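Q: Sequence and predicted structure are below.
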Amino acid sequence: MASPALALFEILDKVSFKTTLCVDVEEDLKVALKLRSDHIFFVESKDITSTLDLSKEVFDLIISFADSKIIIAQLARLRFSKDCEILIVSSNLISYALNSSRKTLLERRVRRQLIGEVRRRYANFSIEAYYPFPDIQSPQMILSTIGLGRLYFRYWSWLKPNRHTISKIFEIVIVGFFKSPRLSPYIILKLSKK
Amino acid sequence: MRRDIVRIHQHSSEIVLAKCVSRNHTFYQKSSYSPEGIREIKNELAGYHWYFERAHPNLSVSLNCDKDGYANISIPTFEAWPCDHATVIDKAFKYALRAIDCYKDIWVKGNNKHNVLNPVHGDFSLEGNILFSCSDVYIIDWEHFHLEIAPLGFDILFMVFELLKMEFKNTRPTVEKLYLAKKLIMYAVSKGVISSSYQNNYFSSFLVEQDGIKFIWKDQYHKLPTTQFTALQTQVLTDYFK
């Protein structure tokens, strides 16, 4: 059975890619990316500079689950094709669902800082923000800021209250009622070459 | 282009649905990475081809990718909306009549073979898959489509009996509502879109037919409202539709 996490790749405009770079991508997503790419590089954020020489490659897709300042800067130095797409997945430092991210609190980013940094480094890309609900591992919807206002709808079950119940209530109020993605656990920045 | 992912593996399917909006137009994309999902996407493609050829020759659905392990199709949007009252038979009655007329226009077009097997949509439901505008009716979600698989009218009976199940839930059927359902079926019979093979007992012959083609729904079969009638409902409906 395919993982619902693969839905992330459906926010990409193109169906297939020539050269793809994946940073900190989990195993269950790799097969799907291999299917859609002619050449693919999988790297870990901790050794992105030391293990591979990527300077000769021209990428038309980059997917990074690492969002640190260093990685954002490293990726910006790569060579991009004229129709390159980039996805950067980031865990929000302050969220109504603190347990949904696998990153520790220290590894999470302040969203505003991240967006500012990406804007500075990738000036020749257009940037769109997407939000997965409830999380990136098992999303039921992935919505843009505009889509969130018009299309957000989640099936809720209250039969078995558990540790997620509080997050659900916050999500209903903040996202469902106020239509705000501000405290959602994840943001996906989609960058497309202008 | 903005791409909102609005459905991810819903109702036991393994399909992802994206709403794509660009400056000029809006369309939907369906994709899947699993064999089951890919099979349904290919059914959907075949269903839309069959449907557009008959009803909307100016529209098309395109296959963007068909690899071993991934399929993706684009589907146009329609300026139309589902029936507001899909669970109340007296309020949905007029919509159901329009759906029957639409069925006739599509299924009977160039087809005189009433007593042989006909194509089946497989989810001909007022609850979201039949869309209405002022002048037109559109049918979406062709994931369970199969060519030449059941006698003419199967989808009409599916729609009517689903409507009844939604109305009654698990309560005892009332004669007033059953009468409305019978009127719908008689309307379809008068339009020549119900095969005579159902006429012995519209309800029980429908159930037999549905069970005979259950492979088209795979794991979703037991979630269909029309497979969930209680014993009492089954008995009442069988007696009524004799």
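A: Everything's here; your move.

Q: which helix in chain B runs the most residues?
A: Counting residues, the longest helix found in chain B (DSSP state H) is helix B:35-55.

Q: how about low-confidence regions in the chain?
A: All of this is about chain A. A:49-52, A:160-161, A:163 (pLDDT under 70).

Q: Chain B was what I was after
A: Short version for chain B, where the test is pLDDT under 70: B:110-115.

Q: residue boundaries of the helices in it?
A: B:35-55, B:89-107, B:154-168, B:175-190, B:202-212, B:231-240.

Q: ok so, going back, which residues does the longest helix of chain B contact?
A: A:2, B:13-15, B:30-32, B:59-61, B:63, B:66, B:69-73, B:75, B:102, B:105-106, B:109, B:119, B:121, B:139, B:141-147, B:218-219 (Cβ atoms under 8 Å, 6 or more residues apart in numbering or on different chains). Backbone N, C-alpha and C define where each C-beta goes, glycine included.

Q: can you check stretch B:61-74 too?
A: For stretch B:61-74, using Cβ under 8 Å, 6+ apart, the contacting residues are A:15-16, A:31-32, A:35-36, B:20, B:27-33, B:37-38, B:41-42, B:44-45, B:48-49, B:52, B:75-76.

Q: circling back to that earlier point, I'd like to know which of the helices of chain B lies nearest to A:Ser55.
A: Nearest to A:Ser55, of all the helices of chain B, is helix B:35-55, at 37.7 Å by Cβ to Cβ.

Q: relative to helix B:89-107, how tilted is the closest one?
A: 80 degrees (axes from the mean of the first three to the mean of the last three Cα atoms, to 10 degrees).

Q: Could you tell me which residues within helix B:35-55 count as buried?
A: By 16 or more other Cβ atoms under 10 Å in any protein chain shown, the buried positions in helix B:35-55 come out as B:36-38, B:40-48, B:50-51, B:54-55.

Q: Over to stretch B:87-94?
A: For stretch B:87-94, burial by neighbour count (16+ other Cβ under 10 Å) applies to B:87, B:89, B:92-93.

Q: number of nearby residues for residue 136?
A: Just so you know, I chose chain A. 25 (other Cβ atoms under 10 Å in any protein chain shown).

Q: should've been chain B
A: So B:Asp136, with other Cβ under 10 Å, has 14 neighbours.

Q: That one against B:Arg98, yeah?
A: No. The pair B:Asp136 / B:Arg98 is not scored as a contact, 9.4 Å apart, by Cβ atoms under 8 Å.

Q: what's near enough to touch the residue in chain B positioned nearest to chain A?
A: Per Cβ to the nearest Cβ, B:Asp4 is where chain B lies closest to chain A, at 3.4 Å. By Cβ under 8 Å, 6+ apart, B:Asp4 lies in contact with A:141-144, A:147, A:151, B:18-19, B:21.
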